Structure formats: C-alpha cells, structure tokens
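**Student:** I need the structure of the sequence given here:
(one chain, ligands or ions: 2)
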Amino acid sequence: MSASPLDTQELDRMRPPAEARAIIARFITAMPVEHVPLAEASGRILAMDVTAREDHPPFPASTMDGYAVVAEDSSPWREIIGTQNAGNMIDAEVTDGYAVRIMTGAPLPPGANAVVPVEATELAEDHVVIHQEDVEPGENIRAVGSDVRAGELILPAGTRLGPAEIGLVAGMGVDPVPVSRRPRVSVLSTGDELVEPNQPLGPGQIRDSNRFSLVTALREEQVEITWFGKAPDKRDELERLLRARLEQDDIVITSGGVSMGELDLIKAILFDAEDVDVHFRRLYMKPGKPLNFATHGKTLIFGLPGNPVSSLVTFELFIRTAIRRMIGVAEDRIDRPSLRVMLTEDIEPSDRIEYQRGIVRVDEQGRLVARNTGMQRSSRLQSFVGANALLVIPPRERTYRAGEQIEALMLASPLA
Ligand code: AMP
Ligand code: MG
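**Tutor:** Ligands and ions are numbered 1, 2, ... in the order given. Next up, the predicted model:
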C-alpha cells in the first residue's frame, strides 16, 4: 500500500471505536458451510435453518406409567390384556372393560384414548381397579406433533449448538450438521525483549505473555488456531512469517510493533506491502490507541499493541466480534451485552474513551453496581483478573462520581 501524505493523515486519524468496528465489518466475508458429524458439532454455529422433517412425537405417546383405557368406559374394573413398553407396538386393541398396562413414552394401543396413572389404580390379579372419578379423553397423552410439527422451523441459521440445540438437531434426524467453517487464525508475538515463559530473564528481557492470553481468548470462540509463535524485531524474519500466515489464514493477529518506535516493524511492514491494505491505525480509545487493521484479500490482519492489557481489550472489542460475524452468529449474540451500572467509587476520566476493567455486581437492593479493578495501567494484567466487565468511561472535564450511572460491557454475568 502506498499513500500520499493526505491519505496518511486520514489513516492516522484517531477513530472512535464504533467507527473502527464499522470499518472492520465491511471487510468481513462469511465462512463457507461445512457438514460435520453431530457428535463433533458441539458449540458450532448452524449455517442453515433446521426445519422438522417429521411430527414429534411421531405417535400418540403416554406421559405416565399407568393403564391405557377407553375414557368413556364407566366401570372401575378392567381386565389387563397386555403390556405396552416404549419402543415397540403390541398387538392388542383396547375396548370397554379392558386395559393395557403402559409405560411413559410408549405408543397408545389402538382403541385406547386415555391413560390412567398407576397412582390412581389398584392391581387385583388380572384386573385393575380405577380409583378416579372421571377419565377425560386425551388424558396423559402427548398427541402426534404436539411437541414439534413437521415443517416447523426448529432452529434458525446462526444458532450456537449448545446442549438443547444439539438434542433437537439429533431428534430431527439431522446428522451430519451444516455449520460454518471455523476461521483459521494465527498469533504472532513480536519483540526483541521476549523470551519463553519457561526461560530465565536476561538483561532487558520479559516473558512473552500475549501469545498465550490471546490463544486462550481465541479458544473461547469457534476458530481453528493454525499457528502461534514469537519473533524478534527483525524485518525480514517478520516479513517471512507474516507472508506464510497471510496465504493460509482467515485472520492473522500480531502483538507489538505498532507504536511510534523505530523498531515498530509490523506497522511498517503492513504499510509497505503492495498487496496489503491498511484501513486504520489509531483509535480514540485507551488502552489500544495504536491498533492497526489491514486486509490482504479476504484475510483480516489485526496488529495489536504489545501491552498485555491493550492487546486483550482490543481483542475483546474488535476481534471477538469479527470472528462471530464471520461465522454468522445471530446478530443479537455478537456484541457483549451493555448494561447501565452505578459506580460505587469515583473514576477519573482520561483524554480518550477508556475501557476500564471492572467488577459488576447486584447489591442488596437489586441494583447493578460497579467498581474498577484498581490501577488501570495497560501493562498491569492483574487489572483483568476477576473482571467481569469493561467499564466505558468517555472523556470529560469532571470526575465520574460514585452514584453516577455508566455503561458496562459485560464479559460475564454480574456477581451476586
Ligand atoms: P510494543 O507495542 O511492541 O511497543 O510493546 C509495548 C509494551 O508491551 C512494551 O513494554 C513491551 O515490552 C510489552 N510487550 C510487547 N509484547 C509483549 C508480549 N508478547 N508479552 C508481554 N509484553 C509485551
Ligand atoms: Mg515491541
């Protein structure tokens, strides 16, 4: 990408996060559909509507263990002519004066139109005595198609296949299941100072933490992590690694090397590459100001800032959402839910929209209250530990006072 000074000025304009999200959304292409065995479909996103092929239940089924009878028969004594278990169909017809012992889920034998539960009966040799005043036709029977009607929409495309959804899909006889392919994602940590977590530190060195926290965040989403590693601030090595990833992955994530320093090579490499388009590289937010977003064909490239909190906050606001859009997650499940919460402590605003790591809980009066997790410096990963929300603090002159309402993006449920 080459650019005139004017283009560069626009590229470096500090964009509000909402504008950045809209830009990213424009470059997202939907993942293709693939069919996976039902047993491996847990958590995947349904790529097509599932409609019922058959009625469910497919036969009138008993909801109780008891006796299948003719409801209108007024005599309390019935002769037992057989037992109807679930899973087969006995050859017996129920008429006045007769009953068939029946189990929950078993098909109603011909002639019967009600089930009297065992609790309302008494057994006397080959007879059963019914201690129930009126037996209504249809009592304790699930009619054909009363749970699901053939042709009914069961699950729309975009549904995440959790336990109930997988059960429904199985019940409808859909195996394999059409789901969207998982985006292929790689993570590259960059920096001369980085060593492996199991290594001692030399002078000026720190351990690479971003690679591992980003991979962990990615594993919460439906992606295939194709590669993760680290590299020093050497231009040719970084270029070689990036090239390889750009050809194979749907999303390439890098950490570090996007600020204003001489060795901030990711920024330079993306900017200089002929076949890469950079769409923005500065945001009106804290932390995460130097986030770079670029594309290579359909591949999305996120150059995250190196500070551990910055990389996780930008992942949360931009990458998680992008992944969910790519795999077609239903619109109302893409963003973290936003709640109005009441501050219990003062917060000092900054000069950009700040996303403070916070704890939201429900107080004794049932109100949602929030505080931050202490010191919010972008190198202090401890500020993310135990946080269940990002507290959105827009810039302003005055302090945010305890008792004020602010917006919280919920990362998990409020604490009790
Ligand atoms: P950079 O964005 O490369 O200028 O890095 C900003 C800060 O984040 C510096 O203090 C780096 O040492 C630190 N940093 C960069 N990458 C990592 C990483 N993978 N893990 C932990 N800290 C990092
Ligand atoms: Mg660096």
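**Student:** only C-alpha atoms from now on, for both contacts and neighbour counts.
**Tutor:** Fine.
**Student:** how many neighbours does the closest residue to A330 other than its chain neighbours have?
**Tutor:** The shortest distance from A330 to any non-neighbouring residue, by Cα to Cα, 6 or more residues apart in numbering, is to G158 (4.6 Å). By other Cα atoms under 10 Å, 22 other residues sit near G158.
**Student:** can you pull the contacts of G158?
**Tutor:** Listed by Cα atoms under 8 Å, 6 or more residues apart in numbering, the contact partners of G158 are I45, L46, A47, M48, I327, G328, V329, A330.
**Student:** residue contacts, the closest residue to ligand 2 within the stretch 101-250 of the chain?
**Tutor:** In the stretch 101-250 of the chain, the residue found nearest to ligand 2 is G191; the distance is 4.4 Å by Cα to the ion. With contact taken as Cα under 8 Å, 6+ apart, G191 is in contact with K230, A231, P232, D233, G256, G257.
**Student:** how about D147?
**Tutor:** Applying Cα under 8 Å, 6+ apart, the residues near D147 are D55, H56, P57.
**Student:** so the second one bridges to which residues?
**Tutor:** Which is H56. Beta bridges link H56 to V148, judged by DSSP bridges.
**Student:** how many neighbours does it have?
**Tutor:** Using other Cα under 10 Å, H56 is surrounded by 20 other residues.
**Student:** wait, it touches G145, no?
**Tutor:** Yes - the pair H56 / G145 is scored as a contact, 4.5 Å apart, by Cα atoms under 8 Å.
**Student:** what helices or strands is the longest strand along the chain leaning on?
**Tutor:** Longest strand in the chain by number of residues, with DSSP state E as the criterion: strand 353-362. Helices and strands touching strand 353-362, by 3 or more Cα pairs under 8 Å, 6 or more residues apart in numbering; DSSP states H and E, are strand 285-286, strand 368-372, strand 389-393.
**Student:** who touches that strand?
**Tutor:** 284-287, 313, 341, 368-373, 376, 383-384, 386-395, 414-416.
**Student:** could you do stretch 332-348 as well?
**Tutor:** Stretch 332-348 is contacted from outside by 321, 324-325, 360, 367-371, 398-411, using Cα under 8 Å, 6+ apart.
**Student:** just the buried residues of those.
**Tutor:** Neighbour-count burial (16 or more other Cα atoms under 10 Å) applied to those gives 321, 324-325, 360, 368-371, 400, 405-411.
**Student:** what's the farthest-apart pair in these?
**Tutor:** Greatest spatial distance among the buried ones among the contacts of stretch 332-348 (Cα to Cα): R325 and Y400, at 33.8 Å.
**Student:** just grab the bridge partners of R101 for me.
**Tutor:** Y67, T83.
**Student:** hmm, it is touching M64, no?
**Tutor:** No - the criterion here is Cα under 8 Å, and R101 misses it with M64 at 10.6 Å.
**Student:** alright, that wraps it up for me.
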